[in-house]
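> the following block contains a protein sequence and its predicted model.
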2 protein chains.
Amino acid sequence: MTSLDSATSAAAAAELPDVSQLVVGVLGGTGDQGRGLAYRLAKAGQRVIIGSRSAERAAEAAAGLGLGVRGADNATVARESDIVIVAVPWDGHGETLAALREELVGKIVVDCVNPLGFDKQGAYALTPEEGSAAQQAAALLPQSRVTAAFHHLSAVLLQDPEIESIDTDVLVLGDERAATDLVQALAARIPGMRGVFAGRLRNAHQVEALVANLISVNRRYKAHAGLRVTDV
Amino acid sequence: MTSLDSATSAAAAAELPDVSQLVVGVLGGTGDQGRGLAYRLAKAGQRVIIGSRSAERAAEAAAGLGLGVRGADNATVARESDIVIVAVPWDGHGETLAALREELVGKIVVDCVNPLGFDKQGAYALTPEEGSAAQQAAALLPQSRVTAAFHHLSAVLLQDPEIESIDTDVLVLGDERAATDLVQALAARIPGMRGVFAGRLRNAHQVEALVANLISVNRRYKAHAGLRVTDV
């Protein structure tokens, strides 16, 4: 598909910042999504620390990943990282972030949490009081640089060492250009991925909620669906 | 990109129904989105009638399109069509549909309306009382077969006769398989497009709202963004 090939060059030409020296922390790094992201970023050469409420569980998960990944309790991870990916379950999202407010001052926070409910008919979107998980993070962390990204990645694909390249764009949202540029650059470190700016945090809800639709896609087509933005 | 090529074959292999003999009505067919869709479907060989509150304006717009497109008032269009695409402005959506309840009994209704607000910072999602425009349609039209689709198409690309193929998937939502299959087949009539089932109507809000994000994408990248679902 020529349009996507040229699109990739166009994104590359956007001259995103160099993030290769930044330390990336992953809160909730022992869950499937967090562990998968940590694996992909470490494999791409990024220094990664995964966090958990229990430092011991984090260290175990880090040892399982190898690639120089370290594990620590969430507070240590927040303190020692430049970019902090929030991959905790929605249930506990607010509580976890509120407890890390000081450690996260000045940090780039990347919320990738999808507030979803499940019933017999499948997944459906929950609407947080603040509008979205990302807006809740921004409300709880007024001195952090909050962005939202990495919502639509298949944890199965992320964790599969046989898969070299992941065919998806990463929609990156945020209100500060320098922060979203860094997160786009981080996404682009992973082979196959591209970071695409997709609006302000006030438009994060639908990006988070769209995971419910991708779950429907996956069920119908037995797939691990991702998204590409065309004409970019 | 091999994955999308194989994806297209996979979708084709899904054996969607033949919709080539069905009459497609477009309510709001004099607006950019409706006219663009009418043009593409007529060009693909579909019989198309565009509707407007004013039969005269509809007839004028139809004459402008050529390709055998007819124009009529909304009620006539609803009555004479098998599949009715709702492309009216959000402001007036409920009123228009409530007035057509009888004409739309038994019809496949395809809602493609995106409830958005605009301010200095750009577009943002509105949340209809029923959850989404599509759910409002379903509530107002209990005897119609309501689906949602065609939200993410660029009216500019749709209307540009120089463009032969439109590089995007169409997310199709609905609670009745036979209806969503027909709408997927209709989307696949347009070169470049593919209809992908993406969940029940209760998950329509985020698909509608995502247009706010695509507007941000278009501003940042000077693009006419569309979406592809990967691994399908």
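Happy to help now that I have it. Residues are numbered from 1 along each chain as shown, chains lettered A, B, ... in the order given.
> from the centroid of chain A, which residue is nearest?
Residue closest to the mean C-alpha point of chain A, counted by CA atoms, centre = their mean, is A:F150 at 3.5 Å.
> next, the contact list for the closest residue to that residue other than its chain neighbours, please.
For A:F150, ignoring the flanking residues on the chain, the nearest one in space by CB to CB, 6 or more residues apart in numbering or on different chains is A:C112 at 3.9 Å. For glycine as for every other residue, the C-beta is placed from the backbone atoms N, C-alpha and C. Residues in contact with A:C112 (CB atoms under 8 Å, 6 or more residues apart in numbering or on different chains) are A:33, A:37, A:85-87, A:148-151, A:153.
> A:C112 and chain B, how far apart?
Computed as CB to the nearest CB, to the nearest Å, the A:C112 to chain B distance reads 16 Å.
> same question for A:A223.
Applying CB to the nearest CB to A:A223 and chain B gives a distance of 4 Å.
> helix, strand or coil for that residue?
coil (DSSP: H, G, I helix; E, B strand; the rest coil).
> right, and it touches A:I215 too?
No: the pair A:A223 / A:I215 is not scored as a contact, 10.6 Å apart, by CB atoms under 8 Å.
> you'd agree A:G64 is in a strand?
No: counting by three-state DSSP, A:G64 is not part of a strand but helix.
> just the helices in chain A please.
In chain A, the segments counted as helices under DSSP state H are A:2-12, A:32-43, A:55-65, A:74-80, A:93-99, A:133-140, A:155-159, A:177-188, A:205-221.
> lowest average confidence, helix or strand, in chain A?
helix A:2-12 (a mean of 46; mean pLDDT, DSSP states H and E).
> picking up where we left off before, so the residue nearest to the centre of chain A is in contact with A:V110, correct?
Yes: with contacts counted by CB under 8 Å, A:F150 reaches A:V110, the gap being 6.6 Å.
> list residues touching both of those two?
In contact with both A:F150 and A:V110: A:I85, using CB under 8 Å, 6+ apart.
> where does chain A have low pLDDT?
Applying pLDDT under 70 to chain A flags residues A:1-14.
> one step back: nearest to B:G117, of the helices of chain A?
Counting by CB to CB, B:G117 lies closest to helix A:205-221 out of those; the figure is 13.5 Å.
> so what's the gap between that closest one and the chain middle?
Put simply, helix A:205-221 sits 16 Å off its chain's centre (CA atoms, centre = their mean, to the nearest Å).
> next one: stretch A:223-232
16 Å.
> buried set for that stretch?
Neighbour counts over stretch A:223-232 (16 or more other CB atoms under 10 Å in any protein chain shown) mark A:223-232 as buried.
> ok, how many other residues are close to A:K43?
18 (other CB atoms under 10 Å in any protein chain shown).
> check A:R189 too.
Neighbour number of A:R189 under other CB under 10 Å is 17.
> so it sits against A:K43, correct?
No: here A:R189 lies out of contact with A:K43, judged by CB under 8 Å, at a distance of 9.4 Å.
> mutual contacts of those two, please.
Residues touching both A:R189 and A:K43 (CB under 8 Å, 6+ apart): none.
> who touches stretch A:183-192?
A:11-12, A:14, A:16-20, A:22, A:24, A:40-41, A:44-46, A:83, A:108, A:110, A:147, A:149-150, A:164-168, A:170, A:172, A:174, A:193-197.
> of those, grab the buried ones for ChimeraX.
Filtering these down to the buried ones (16+ other CB under 10 Å) takes a single ChimeraX command:
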select /A:11,14,16,19,22,24,40,41,44,46,83,108,110,147,149,150,166,167,168,170,172,174,193,194,195,196,197
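> strands - which of the contacts of stretch A:183-192 land there?
When DSSP state E is applied, those are split such that A:24, A:83, A:108, A:110, A:147, A:168, A:170, A:172, A:174, A:193-197 fall in strands.
> near chain B, which of these show up?
Restricting these to those near chain B by CB under 8 Å from any CB of the partner chain leaves A:168, A:196-197.
> how about stretch A:126-136: buried residues?
So, applying 16+ other CB under 10 Å, buried residues of stretch A:126-136: A:126, A:128, A:130-136.
> what's the end-to-end length of that stretch?
Stretch A:126-136 has its terminal residues 13 Å apart, counting by CA to CA, to the nearest Å.
> and stretch A:67-84, by the same measure?
18 Å.
> give me the residues contacting it.
A:19, A:22-27, A:29, A:38-39, A:42-43, A:47-55, A:57-63, A:96, A:99-100, A:103-104, A:107-110, A:182-183, A:186.
> generate a ChimeraX selection restricted to the buried entries among these.
Only the buried entries of these go into this ChimeraX selection, using 16+ other CB under 10 Å:
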select /A:19,22,24,25,26,27,29,38,39,42,43,47,48,49,50,51,52,53,55,57,58,59,61,62,96,100,103,104,107,108,109,110,182,183,186
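> ok, and the closest non-adjacent residue to A:E176?
Closest to A:E176 by CB to CB, 6+ apart is A:R145, at 5.7 Å.
> and the one you found, how far is that from A:A137?
Distance check for A:R145 against A:A137: by CB to CB, to the nearest Å, it reads 11 Å.
> next: A:G71.
In terms of CB to CB, A:G71 sits 22 Å off from A:A137.
> and for A:R202?
13 Å.
> more neighbours: those two, which one.
Applying other CB under 10 Å to A:R202 and A:A137 shows that A:A137 carries more neighbours, namely 28 against 19.
> residues in contact with that one?
Taking CB under 8 Å, 6+ apart, we find A:A137 in contact with A:86, A:93, A:97, A:109, A:111, A:144, A:146.
> just among these, which is most surrounded?
A:D111 (32 neighbours).
> where's it relative to chain B, distance?
Distance from A:D111 to chain B, by CB to the nearest CB: 15 Å.
> over to A:V88?
Counting by CB to the nearest CB - A:V88 and chain B are separated by 21 Å.
> now swap in A:V69 and tell me
26 Å.
> what's the neighbour count on that residue?
Neighbour number of A:V69 under other CB under 10 Å is 26.
> need phi/psi at it.
phi -70, psi 130 (degrees, to the nearest 10).
> how far off centre is stretch A:40-59?
Stretch A:40-59 has its C-alpha centroid displaced from the chain centroid by 13 Å (CA atoms, centre = their mean).
> and if you look at stretch A:106-118?
On CA atoms, centre = their mean, the centre of stretch A:106-118 falls 7 Å from the chain's centre.
> straight-line length of stretch A:160-169, end to end?
By CA to CA, the extent of stretch A:160-169 from end to end equals 18 Å.
> okay, the helices of chain A in a markdown table with distance to A:G117 next?
Formatted as a markdown table, these follow (distance: least, CB to CB, whole Å):
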| stretch | distance to A:G117 |
| --- | --- |
| helix A:2-12 | 34 |
| helix A:32-43 | 17 |
| helix A:55-65 | 26 |
| helix A:74-80 | 25 |
| helix A:93-99 | 14 |
| helix A:133-140 | 13 |
| helix A:155-159 | 18 |
| helix A:177-188 | 27 |
| helix A:205-221 | 9 |
